[in-house]
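Peer 1: This is the structure alone, sequence omitted:
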């Protein structure tokens, strides 16, 4: 895990598919400046924390700046799985579960249901 300000963050990454990045800023302005750079390094996962409304606004600005819809659709926002998470710990768990789902090409299906099908 790397925690960094936006100016230094790119020194920590090489362009590859082994990176899983969660952007947790409090500003749409920061997001729209960082996301195009994140897309260039082609991580396996880019997640942007924030409300649905903020993500809609972010997408509009990115498109106005020339980022394609296809590239925008590779970004996960709002992030996490629908676990009805409320506490910071539950939200973190839902985000990490989503990353594990992507990393392991998993289905997210209940194991008990998979076993019953066999």
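Peer 2: That came through, no problem. Not measured: the values here are computed from a predicted model. Numbers count the residues shown, from 1 in each chain.

Peer 1: where does this structure have low pLDDT?
Peer 2: Counting by pLDDT under 70, the chain has low-confidence residues at 1-10, 12-16, 118.

Peer 1: which residue ranges form the strands in it?
Peer 2: Remark: strands assigned in the chain by DSSP state E are 20-23, 45-48, 75-76.

Peer 1: Turn those strands into JSON lines, including distance to residue 66.
Peer 2: C-beta coordinates here come from the backbone N, C-alpha and C atoms, glycine included. Shown next, in JSON lines, are these (distance: least, Cβ to Cβ, whole Å):
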{"stretch": "strand 20-23", "distance to residue 66": "19"}
{"stretch": "strand 45-48", "distance to residue 66": "17"}
{"stretch": "strand 75-76", "distance to residue 66": "15"}
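
Peer 1: Figure out which of the ones you listed is closest to residue 108.
Peer 2: For residue 108, the closest of those is strand 75-76, at 13.5 Å, according to Cβ to Cβ.

Peer 1: What's opposite the residue nearest the centre of the chain in the beta bridge?
Peer 2: Nearest residue to the geometric centre of the chain (Cα atoms, centre = their mean): residue 47, 1.1 Å. Note on residue 47: beta-bridge partners by DSSP bridges are residue 22, residue 76.

Peer 1: Touching, it and residue 25? I think so.
Peer 2: No: counting by Cβ atoms under 8 Å, residue 47 does not reach residue 25; the two are 11.9 Å apart.

Peer 1: overlap in contacts of the two?
Peer 2: Between them, residue 47 and residue 25 share no contacting residue under Cβ atoms under 8 Å, 6 or more residues apart in numbering.
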